[in-house]
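Enquirer: From the sequence below, what's the structure:
(4 chains)
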Protein chains: 2
Amino acid sequence: MARPQAFNTTEALHQAMNVFWHKGYEATSMADLLAATGLSKSSLYAAFGGKRELFVAAFDAYREAREREMRRMLAHRPAREAIEGFFRKIVLDAGDGDPSRGCMSINQAVEMAPRDPEIRGRVLQDFTLIEEALAEAIARGQAEGSVGDAYDARHLARLLVLAFPGLQIMVRAGSDRARLDDSLNSLLFMLDRDH
Amino acid sequence: MARPQAFNTTEALHQAMNVFWHKGYEATSMADLLAATGLSKSSLYAAFGGKRELFVAAFDAYREAREREMRRMLAHRPAREAIEGFFRKIVLDAGDGDPSRGCMSINQAVEMAPRDPEIRGRVLQDFTLIEEALAEAIARGQAEGSVGDAYDARHLARLLVLAFPGLQIMVRAGSDRARLDDSLNSLLFMLDRDH
DNA sequence: GCTATTCTGGACCAATCGGTCCCCAACTGC
DNA sequence: GCAGTTGGGGACCGATTGGTCCAGAATAGC
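Expert: Okay, here's the model as predicted:
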């Protein structure tokens, strides 16, 4: 054993992830990734393989982080507030910091999923993951009375899962805040008790 | 005046549009466009300018065609059926023919809109276009009694506009038909009279 | 301090990118 | 049929793409 690695692998992965999140796969060049991570070409190739492998690793890191975050937010009580918080965070992230990134899974549903089965599988899995988590939260909310029970939980969950990419895409396309809030409120209204 | 153009310009534009629709902007090479249109390089450049100009022209052609189609479908009566038809067509297009294309405006909301103001403007305009058309159809449906009036038209329109990208993206990501239908039914249920 | 091993900067690669240009063929108007 | 003009095939361009490789620097174990 000799000469330890001079960079933090997970940190480099995180920075690569951010570039891919912003620019997507095709529009990101190795030069971009080198600049973002600060690594030299040989180091990056040695650590991650090629561009595609790096992308997949970055995507998986993203998905894991986001899933954890979703579960954390949806665990709050009452469930109605938890769900609202989950969706409000999407539009909050829009204004915060640099231009809109949206959700990387949604972005990849557009870019890679149609032609790359490996990515497609991950994207589809993310959809079911979100639906299950939301359905669970809604059921809990209905049991405790914070969410209206005019519609059954699965039904509402499907509606929210359908709206999720909608919000993410409006964010990424740069919709203004007022419009995002309007849409969001229309959506959350469905969770209310009466009607 | 001499030697007439040997190709149909709008036809070539249409074929270019299809490539861009499938692959997006970055992933489409000039070689792809040449192959799809059957033109030679000089002809294509003379007729449309560069790749970007061709893309914008193709995108505009797409948007115009789709807007016309939307208005035609939403004009049907009763309004409830018109709206249902509009959304059902999205999932019908999925199975029909080659792998999923989704909606080019939604795809571009992800790919180009964040970094290209000209495209962003068009995408945002498309969102309002759809919302207005839906709001109008919903109001008509409520007046004639085919759409429930538990929620006001603007409210419902926002919900549908939010769900529109959701469906398009599920289609593009290759969701199976059963899931698409489930989501669609959950959405359309919101239009019903009772509740 | 020596040696063995690992890491890293950057030269180098072929392929492909979008784009330009020239020259000949084709066609219209007379 | 001739003159004049325009269209189009394809050679060519520099820049950039993702990727390989090697020589030398750095460091651990002894």
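
Enquirer: Extract the C-alpha trace of stretch A:28-38 and format it as CSV.
Expert: Output of stretch A:28-38 as CSV, limited to C-alpha atoms (Å, rounded to 0.1, in the frame of the first residue of the first chain):
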residue,chain,number,x,y,z
THR,A,28,-22.6,17.3,-19.5
SER,A,29,-19.1,16.8,-20.9
MET,A,30,-16.2,15.1,-19.2
ALA,A,31,-14.6,18.6,-19.1
ASP,A,32,-17.6,19.8,-17.0
LEU,A,33,-17.2,16.9,-14.6
LEU,A,34,-13.4,17.4,-14.3
ALA,A,35,-14.0,21.1,-13.5
ALA,A,36,-16.7,20.3,-11.0
THR,A,37,-14.9,17.6,-9.1
GLY,A,38,-11.4,19.1,-9.4
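
Enquirer: near DNA strand D at all, that stretch?
Expert: Yes: remark: stretch A:28-38 sits within contact range of DNA strand D at A:Thr28, A:Ser29, A:Met30, A:Ala31, by Cβ under 7 Å from any atom of the strand. For glycine as for every other residue, the C-beta is placed from the backbone atoms N, C-alpha and C.

Enquirer: Report how many residues lie close to A:Ser29.
Expert: When neighbours are counted by other Cβ atoms under 10 Å in any protein chain shown, A:Ser29 registers 12.

Enquirer: got it, and A:Pro78?
Expert: Quick note: A:Pro78 (other Cβ under 10 Å) scores 15 neighbours.

Enquirer: Next up, the contacts around it.
Expert: By Cβ atoms under 8 Å, 6 or more residues apart in numbering or on different chains, A:Pro78 lies in contact with A:Gly141, A:Glu144, A:Ser146.

Enquirer: Which stretches in chain A count as helices?
Expert: Per DSSP state H, chain A carries helices over the ranges A:9-23, A:30-37, A:41-48, A:51-74, A:79-95, A:104-111, A:117-144, A:153-173, A:177-188.

Enquirer: which ones are touching A:Leu160?
Expert: A:Ile83, A:Phe87, A:Leu134, A:Ile138, A:Leu187.

Enquirer: Check the residues you listed one by one and keep those near DNA strand C.
Expert: The subset of those within reach of DNA strand C, by Cβ under 7 Å from any atom of the strand, is empty.

Enquirer: can those go into JSON lines with extra columns for pLDDT, neighbour count and distance to B:Arg101?
Expert: Below are the contacts of A:Leu160 laid out as JSON lines (pLDDT from 0 to 100; neighbours: other Cβ atoms under 10 Å in any protein chain shown; distance: Cβ to Cβ, whole Å):
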{"residue": "A:Ile83", "pLDDT": "98", "neighbour count": "27", "distance to B:Arg101": "32"}
{"residue": "A:Phe87", "pLDDT": "98", "neighbour count": "20", "distance to B:Arg101": "28"}
{"residue": "A:Leu134", "pLDDT": "98", "neighbour count": "24", "distance to B:Arg101": "28"}
{"residue": "A:Ile138", "pLDDT": "97", "neighbour count": "28", "distance to B:Arg101": "32"}
{"residue": "A:Leu187", "pLDDT": "96", "neighbour count": "24", "distance to B:Arg101": "26"}
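
Enquirer: What parts of chain A come near DNA strand C?
Expert: Neighbours of DNA strand C within chain A, by Cβ under 7 Å from any atom of the strand: A:1-7, A:39-43, A:46.

Enquirer: Show me which residues of chain A are close to DNA strand D?
Expert: A:1-4, A:28-31, A:41-42, A:45, A:50-52.

Enquirer: Now do A:Arg77 against B:Gln15, distance only.
Expert: To B:Gln15, A:Arg77 is 56 Å away according to Cβ to Cβ, to the nearest Å.

Enquirer: out of those two, which sits in the busier spot?
Expert: Using other Cβ under 10 Å, the more surrounded residue of A:Arg77 and B:Gln15 is B:Gln15, with 17 against 11.

Enquirer: doesn't B:Leu39 make contact with the more buried one?
Expert: No: B:Gln15 lies out of contact with B:Leu39 (Cβ atoms under 8 Å); the separation is 9.2 Å.
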